[in-house]
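Chemist: All I have is the shape, not the residue letters:
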């Protein structure tokens with residue numbers, strides 16, 4: 001098995017972490033620390049994604065492709081965290097916080 005959501009060890013490199021203005025505002029409005037969501041993402045807790053996206057993420061841990069997590073904030077607003085693929089070596093250049101409207 002690839003992912004262990006309860007482990008404390010990150011499963012992949014995040015690269016540079018950035019955020020869109022909408023995601024920053026959404027996190028502030030909800031009183032949520034983005035670092036908590038980021039920690040869940042890098043441990044393989046993909047949040048509220050469907051079965052297909054969960055499977056795609058688990059494969060991405062093996063092949064180095066894009067990873068997507070989706071989390072519902074306490075006020076109902078969704079935040080996505082996307083870690084982009086760079087190459088076939090499993091390294092990733094960046095991870096972005098954004099709202100679905102900003103994708």
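Modeler: Okay, I see it. These figures come from a predicted structure and were not determined experimentally.

Chemist: tell me which element the most centrally placed residue in the chain is part of?
Modeler: In the chain, the centroid-proximal residue (CA atoms, centre = their mean) is residue 81; its distance is 3.3 Å. Assessed by DSSP states H and E, residue 81 sits inside strand 78-83.

Chemist: Excluding chain neighbours, what is closest to residue 65?
Modeler: residue 85 (4.6 Å; CB to CB, 6 or more residues apart in numbering). Glycine gets a C-beta too; all of them are placed from N, C-alpha and C.

Chemist: what are the pairing partners of the strand holding residue 81, and which direction each?
Modeler: strand 67-72 (antiparallel), strand 94-98 (antiparallel) (DSSP bridges).

Chemist: OK, contacts around the residue nearest to residue 65?
Modeler: 60, 64, 65, 66, 92 (CB atoms under 8 Å, 6 or more residues apart in numbering).

Chemist: And those residues, which is closest to residue 29?
Modeler: If you rank these by distance to residue 29 using CB to CB, residue 66 comes first, at 27.1 Å.

Chemist: which element follows whichever strand or helix holds residue 29 toward the C-terminus?
Modeler: Residue 29 is part of helix 21-30, with elements assigned from DSSP H and E. Following helix 21-30 in sequence order, the next helix or strand is helix 34-42 (DSSP H and E).
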